[in-house]
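Asks: Sequence first, then the predicted structure, then my questions.
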Amino acid sequence: MLNAYLENTLVYDPALCNGCGMCVDVCPHAAFEMNGRLAVLVRPQACMECGACRLNCVTGAIHVESGVGCAAAMIQAALLGKKEAECSCG
Amino acid sequence: MINLASIASESKIFPVQSRLTAANRWDHFLARLGVKRGGHRVEPGLYALGSPTPDSPVFVSANYSLSFDALRASLDGIDAYILVLDTRGINVWCAAGKGSFGTDEIVNRVFATQLKQVVTHRKLILPQLGAPGVAAHAVKQRTGFWVEYGPVRAADLPEYLKTHTATLEMRKVTFSLRDRLVLIPVELTLTFLPMLAAAIILYFVGGWVSSLAAILAVLAGILLFPILLPWIPTHNFSTKGFLLGFLVAIPFALSPFLRHPDWSWYHRLGQALEFLLAMPAVTAFIALNFTGSTTFTSRSGVKREMFAYIPAMAWTFGTGILLAILFIFVR
């Protein structure tokens, strides 16, 4: 595996887009751009699965399995037998 | 649930200034060192910055002192209200990830502070990085307040407030050398005691070279890795760590050949292999753990990395240690 970050869980259905532009505003990696009255997923590989776009998309056009991309948290969760990793930093 | 008593007690407005004091800076210094993690808090509630009027903007922040202070310091000369959420002393982005900087907390805090009686407009300006925890449309529905996502960095606020539109640069997170450097003291604080313990044990078992190897393998991960991150080839953090650890291990691998020409060839080769196997594994593990400190790694990507490389780390580290133990008995 040369690059573990080439794929992610972000799925966008442009058919449901109402053009509000919220996803463009909240994405910290500029994955979306507006093209006229429609959001376009221009940089899918830049997604870090923070989930901001999904939560702020009123029509439910975006799906992403969001969570913390932190090995330390996931290792801790695995060691403690927890299902979901929670970040434990301050 | 909000009861009347909590409204009465929380409806006061705290005065605050934009200027940071020496005490604030000392608190920031300690926070950056990782001293009293989670203890760098401000009281949640409504703050009046300067002399705001009912038309003044309302900014929302976390009750982590570094977050709150970055906001108020950036609003120099601007009269505004600051609504501080209870994020348990955690910064905006991390708290948003956990949901404590979130829709429910905003709704509760808007009602508890009676914000509707304080300002005449109905707009909250949030830091963009609060968005993973906040559904703007839900806040509007439940409180009547529109959510406007401001820039990522508070420092961009004066520019942003001129037009209330963020440029692409204001919307993007970065991870500059400076951003990475400020993380090093915290990581050092967290690893110092385990590193010291390992170094002391190794000193008695294998001498000062082994002790130094442990310290340098850890420091390569804690100090060098964050600095060199963008320039180390390969994409995955684990392989970057293996590579860096391998480079640091080379002088140690050469040491038995230079220091012990009297040893048998297999003893010298054995000790060289100990360092070449165990040291990169330690650096790689620390590098993998750095994913949580970055601004760009996805959960699914980190998971893929963990499954692919943690077994390799365990095997190489285990084999290196086993060899070391073996050569205590075999000479």
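Replies: Yes, it's here. In this text the structure is predicted, and so the values were computed from the model without any measurement. Numbers count the residues shown, from 1 in each chain, chains lettered A, B, ... in the order given.
Asks: which residue sits closest to B:Leu277, ignoring its sequence neighbours?
Replies: If the residues on either side of it in the chain are set aside, B:Leu277 comes closest to B:Gly320, at 3.4 Å by Cβ to Cβ, 6 or more residues apart in numbering or on different chains. Placement of C-beta: from N, CA and C, glycine included.
Asks: cool, and B:Ala324?
Replies: Leaving aside its sequence neighbours, B:Ala324 sits nearest to B:Glu274 (Cβ to Cβ, 6+ apart; 4.7 Å).
Asks: got the contact list for stretch A:54-61?
Replies: With Cβ atoms under 8 Å, 6 or more residues apart in numbering or on different chains as the test, stretch A:54-61 has contacts from A:12-18, A:20, A:22-23, A:25-26, A:39, A:62-64, A:66, B:131-137.
Asks: ends of it, how far apart?
Replies: Distance between the boundary residues of stretch A:54-61 (Cα to Cα, to the nearest Å) amounts to 8 Å.
Asks: what do you get for stretch B:249-268?
Replies: Taking Cα to Cα as the criterion, the two ends of stretch B:249-268 lie 15 Å apart.
Asks: Of the contacts of stretch A:54-61, just the buried ones, ChimeraX syntax please.
Replies: Restricted to the buried members of these, where burial is judged by 16 or more other Cβ atoms under 10 Å in any protein chain shown, the ChimeraX selection command reads as follows:
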select /A:12,17,20,22,23,25,26,39,62,64,66 /B:131,132,133,134,135,136,137
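Asks: Which of the contacts of stretch A:54-61 fall within strands?
Replies: For these, membership in strands holds for A:12, A:39, A:62-63, with DSSP state E as the criterion.
Asks: Greatest separation within those: which pair is it?
Replies: Largest separation among the ones in strands among the contacts of stretch A:54-61 by Cβ to Cβ: A:Ala39 and A:His63, giving 14.0 Å.
Asks: can you count the residues close to B:Thr297?
Replies: For B:Thr297, the count of nearby residues is 23 (other Cβ atoms under 10 Å in any protein chain shown).
Asks: Secondary structure of it: a helix, I assume?
Replies: No. Secondary structure assignment places B:Thr297 outside any helix; it is coil (DSSP: H, G, I helix; E, B strand; the rest coil).
Asks: can you redo the ones in strands among the contacts of stretch A:54-61 as a markdown table with pLDDT and distance to chain B?
Replies: Compiled in a markdown table, the ones in strands among the contacts of stretch A:54-61 are given as follows (pLDDT from 0 to 100; distance: Cβ to the nearest Cβ, whole Å):
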| residue | pLDDT | distance to chain B |
| --- | --- | --- |
| A:Tyr12 | 97 | 15 |
| A:Ala39 | 97 | 14 |
| A:Ile62 | 97 | 12 |
| A:His63 | 97 | 13 |
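Asks: okay, and the helix or strand of chain A with the least pLDDT?
Replies: When the helices and strands of chain A are compared on mean pLDDT, DSSP states H and E, helix A:71-80 comes out lowest with a mean of 85.
Asks: What residues of that helix count as buried?
Replies: The neighbour-count check on helix A:71-80 (16+ other Cβ under 10 Å) flags A:71-75, A:77 as buried.
Asks: Fine, thanks again, bye for now.
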